[in-house]
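Asks: got a predicted structure plus its sequence, pasted below:
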Amino acid sequence: MSLEKFFHLKENHTDAKTEIMAGITSFMTMAYILAVNPNILSASGMDHGAVFTATAVASFIGTLCMALFANYPFALAPGMGLNAYFAYTVVLGMGYSWQVALAAVLTEGLVFIALSIFNVREAIFNAIPFNLKKAVSVGIGLFIAFIGLQNAKIVISSATLVSLFSLDGYNQTLNGLTASFQDVGITVLLAVIGVIITAILVVKNIKGNILWGILITWGLGIICQLAGLYVPNGDLGFYSLLPDFSNGFSVPSLAPIFGKFSLDGVPILEFIVIVFAFLFVDIFDTIGTLIGVASKADMLDEEGKLPRIKGALLADAVGTTAGAVLGTSTVTTFVESASGVSEGGRTGLTSLTTAVLFLLSLFLSPIFLAIPSFATAPALIIVGFYMLGAVTEIDFKDPSQGIPAFICIAAMPFFYSISEGISMGVVSYVVINLVSGKDKKINPVMIILAVLFILKYIFM
């Protein structure tokens with residue numbers, strides 16, 4: 001079967017050359033996840049190289065499913081925010097192992113498959129008020145930016161809980177070790193420069209701006225290392241910035257994380273809350289991205305709905321399930337897919353091209369694995385900026401809508417937890433609107449969720 005017949009190119013007013021170029025553009029704008037995801041998930045104790053392989057393969061599978069199930073030009077990869085929830089909330093915050101977090105992702109993926117098949121997702125999606133949906137996106141944006149600032153050491157712990165980096169202040173957080181400008185100091189400066197460079201690339205609308213920002217920041221770091229301005233210090237976690245090609249272009253093994261699930265030491269109600277938080281963010285992130293990107297490409301029908309959304313959501317669910325088995329956090333549709341759509345991508349041939357490039361990236365592992373956290377931090381900060389944009393759509397003029405949204409937004413970075421933000425947003429919305437009598441049409445699903453979250457706080 002030809003590409004024309006399989007992807008219906010003429011029917012969608014496109015051709016193979018346009019679709020392939022669009023697929024390359026999408027990959028360029030989201031390839032940063034290959035460097036960022038291993039850095040984030042390795043904070044939970046997972047093997048850095050294995051996570052890189054899992055990220056590339058899961059992105060390939062999810063994006064390929066999008067091409068085959070829905071024939072849409074959308075690309076998938078482990079989602080920003082969801083990976084932060086995995087590492088910083090479930091593992092480092094709640095104290096569970098990464099094996100438990102993977103089990104939650106697997107469960108979420110299987111539930112999402114069932115919801116996609118039986119069309120239950122609309123009921124859940126429609127139950128959450130619009131303002132609260134937007135608040136979740138904003139809160140995650142702030143949380144991701146905060147993590148980026150911490151990873152770059154621009155923000156450090158102090159007597160005031162957090163403060164701006166200083167060498168003396170940073171050394172006070174170390175146990176007997178001493179940092180210097182040539183290890184931590186120069187990386188903080190490079191991260192700040194990286195944020196400025198990435199911001200300029202975004203303003204100038206350069207294709208692949210976030211990826212270019214990472215690569216330029218990393219390149220400046222390599223120059224500093226060769227010039228002696230940056231000196232690796234393994235004791236403090238500052239390693240050589242030069243790629244290690246001693247093993248050639250071999251693919252890191254998945255063995256340390258493949259199929260490693262566990263439910264040890266996690267109460268069932270707490271596990272359900274963890275799974276729900278993954279599911280909640282995944283559903284709204286995916287549907288919001290699909291509708292947003294599709295609207296830019298005039299793919300929505302007369303009622304504003306996306307045809308074949310069932311196949312698109314199923315691709316997301318299958319990608320998440322496969323990703324969990326491989327050893328990575330929730331796979332979701334990336335808003336960066338809009339870059340490929342803006343280049344004329346209209347069919348699954350665009351996503352097929354992106355999927356193939358993710359698979360080929362496996363053989364560039366020495367390059368992606370050498371990229372340090374100070375170089376990926378600007379990407380987190382800029383992604384936070386993008387997600388923060390949804391705050392303009394929240395109705396703060398109505399306190400019954402604005403206050404729960406504000407609580408949801410504030411809780412995520414301040415409590416260092418996406419799930420706490422969602423929990424407090426839902427509970428505050430239901431309580432404020434029920435007691436004040438402001439909204440007598442609260443969806444029963446919201447009330448059930450609020451009761452579950454309150455029970456969690458009482459018994460956990």
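Replies: Thanks, I have the structure now.

Asks: the most centrally placed residue in the chain and residue 47, how far apart?
Replies: For the chain, the residue sitting closest to the mean C-alpha position, by C-alpha atoms, centre = their mean, is residue 80 at 1.0 Å. Note on residue 80: its distance to residue 47, by C-beta to C-beta, to the nearest Å, is 21 Å. No exception for glycine: its C-beta is placed from N, CA and C like everyone else's.

Asks: show me where pLDDT drops low in the protein?
Replies: 1, 121-126, 284, 288, 292, 295-297, 303-304, 439-440, 459-460 (pLDDT under 70).

Asks: check the offset of the lengthiest helix in it from the chain's centre.
Replies: Ranked by residue count, the top helix of the chain under DSSP state H comes out as helix 268-296. Computed by C-alpha atoms, centre = their mean, to the nearest Å, the chain-centroid distance of helix 268-296 equals 11 Å.

Asks: okay, buried residues for it please.
Replies: By 16 or more other C-beta atoms under 10 Å, the buried positions in helix 268-296 come out as 270-271, 273-290, 293-294.

Asks: try stretch 216-233
Replies: With burial defined by 16+ other C-beta under 10 Å, the residues of stretch 216-233 counted as buried are 216-218, 220-222, 224-225, 229-230, 233.

Asks: contacts for that stretch?
Replies: Residues from elsewhere that reach stretch 216-233 (C-beta atoms under 8 Å, 6 or more residues apart in numbering): 179-180, 182-183, 186-187, 190-191, 193-194, 197-198, 238-242, 370-372, 374-375, 378.

Asks: among the residues you listed, name the buried ones.
Replies: For the contacts of stretch 216-233, buried by 16+ other C-beta under 10 Å: 179, 182-183, 186-187, 190-191, 193-194, 197-198, 238, 241, 370-372, 374-375, 378.

Asks: residue 377: what's its closest spatial neighbour, skipping adjacent residues?
Replies: For residue 377, ignoring the flanking residues on the chain, the nearest one in space by C-beta to C-beta, 6 or more residues apart in numbering is residue 152 at 3.6 Å.

Asks: ramachandran angles for that neighbour?
Replies: phi -90, psi 0 (degrees, to the nearest 10).

Asks: I figured it hits residue 189, correct?
Replies: No: if you go by C-beta atoms under 8 Å, residue 152 and residue 189 don't touch, sitting 9.8 Å apart.

Asks: higher neighbour count, the two?
Replies: Taking other C-beta atoms under 10 Å, residue 152 and residue 189 do not tie; residue 152 has more neighbours (28 against 18).

Asks: ok, now which ones touch that one?
Replies: Applying C-beta under 8 Å, 6+ apart, one finds that residue 152 lies in contact with 187-188, 191-192, 373-374, 377-378.

Asks: redo that, cut-off 7 Å
Replies: Each residue near residue 152 by C-beta atoms under 7 Å, 6 or more residues apart in numbering is listed here: 188, 191, 373-374, 377.

Asks: how about residue 416?
Replies: By C-beta under 7 Å, 6+ apart, the neighbours of residue 416 are 88, 93.

Asks: which of the helices or strands spans it?
Replies: Here residue 416 is covered by no helix or strand, with elements defined by DSSP states H and E.

Asks: for it, grab phi and psi.
Replies: phi 60, psi 40.

Asks: cool, residue 163 as well?
Replies: Per-residue torsions, residue 163: phi -160, psi 170 (degrees, to the nearest 10).

Asks: how about residue 233?
Replies: phi -140, psi 90.

Asks: now do it against residue 89, distance only.
Replies: Distance of residue 233 to residue 89, given as C-beta to C-beta: 29 Å.

Asks: how many neighbours does the residue lying closest to residue 247 once chain neighbours are set aside have?
Replies: Nearest residue to residue 247 in three dimensions, chain neighbours excluded: residue 366, at 7.8 Å (C-beta to C-beta, 6+ apart). The number of residues packed around residue 366, counting by other C-beta under 10 Å, is 18.

Asks: for the one 10 residues further on, same thing?
Replies: In terms of burial, residue 376 registers 28 neighbours under the definition other C-beta under 10 Å.

Asks: cool, and the one 4 residues further on?
Replies: Residue 380 is flanked by 29 other residues according to other C-beta under 10 Å.

Asks: pretty sure it contacts residue 147?
Replies: Yes: assessed by C-beta atoms under 7 Å, residue 380 is found in contact with residue 147 at 5.9 Å.

Asks: Serialize the buried residues of stretch 216-233 to JSON lines and add fields for distance to residue 41.
Replies: Below are the buried residues of stretch 216-233 laid out as JSON lines (distance: C-beta to C-beta, whole Å):
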{"residue": "216", "distance to residue 41": "24"}
{"residue": "217", "distance to residue 41": "21"}
{"residue": "218", "distance to residue 41": "19"}
{"residue": "220", "distance to residue 41": "25"}
{"residue": "221", "distance to residue 41": "22"}
{"residue": "222", "distance to residue 41": "24"}
{"residue": "224", "distance to residue 41": "27"}
{"residue": "225", "distance to residue 41": "25"}
{"residue": "229", "distance to residue 41": "30"}
{"residue": "230", "distance to residue 41": "25"}
{"residue": "233", "distance to residue 41": "23"}
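
Asks: so can I have JSON lines of those residues showing secondary structure?
Replies: Listed next are the buried residues of stretch 216-233 as JSON lines, based on DSSP: H, G, I helix; E, B strand; the rest coil:
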{"residue": "216", "secondary structure": "helix"}
{"residue": "217", "secondary structure": "helix"}
{"residue": "218", "secondary structure": "helix"}
{"residue": "220", "secondary structure": "helix"}
{"residue": "221", "secondary structure": "helix"}
{"residue": "222", "secondary structure": "helix"}
{"residue": "224", "secondary structure": "helix"}
{"residue": "225", "secondary structure": "helix"}
{"residue": "229", "secondary structure": "coil"}
{"residue": "230", "secondary structure": "coil"}
{"residue": "233", "secondary structure": "strand"}
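
Asks: before we move on, back to that, the contacts of residue 152: which two are farthest apart?
Replies: Spanning the widest gap among the contacts of residue 152 are 188 and 373, at 11.4 Å by C-beta to C-beta.

Asks: ok now do residue 91, which residues does it touch?
Replies: Here residue 91 is in contact with 44, 97-98, 101 (criterion: C-beta under 7 Å, 6+ apart).

Asks: hey, C-alpha coordinates of stretch 391-408 in PDB?
Replies: In PDB, the C-alpha atoms belonging to stretch 391-408 read as follows (Å, rounded to 0.1, in the frame of the first residue of the first chain):
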ATOM      1  CA  VAL A 391      -3.400  31.700  33.600                       C
ATOM      2  CA  THR A 392      -5.000  34.400  31.300                       C
ATOM      3  CA  GLU A 393      -7.900  32.000  30.700                       C
ATOM      4  CA  ILE A 394      -8.800  31.600  34.300                       C
ATOM      5  CA  ASP A 395     -11.800  33.800  35.600                       C
ATOM      6  CA  PHE A 396     -10.300  35.400  38.700                       C
ATOM      7  CA  LYS A 397     -13.200  38.000  38.700                       C
ATOM      8  CA  ASP A 398     -15.400  35.300  40.100                       C
ATOM      9  CA  PRO A 399     -14.000  34.300  43.500                       C
ATOM     10  CA  SER A 400     -15.800  31.000  43.500                       C
ATOM     11  CA  GLN A 401     -13.800  30.000  40.500                       C
ATOM     12  CA  GLY A 402     -10.600  32.000  41.000                       C
ATOM     13  CA  ILE A 403      -9.900  31.100  44.600                       C
ATOM     14  CA  PRO A 404      -9.800  27.300  44.100                       C
ATOM     15  CA  ALA A 405      -7.800  27.800  40.900                       C
ATOM     16  CA  PHE A 406      -5.300  30.000  42.900                       C
ATOM     17  CA  ILE A 407      -5.100  27.300  45.700                       C
ATOM     18  CA  CYS A 408      -4.400  24.700  43.000                       C
END
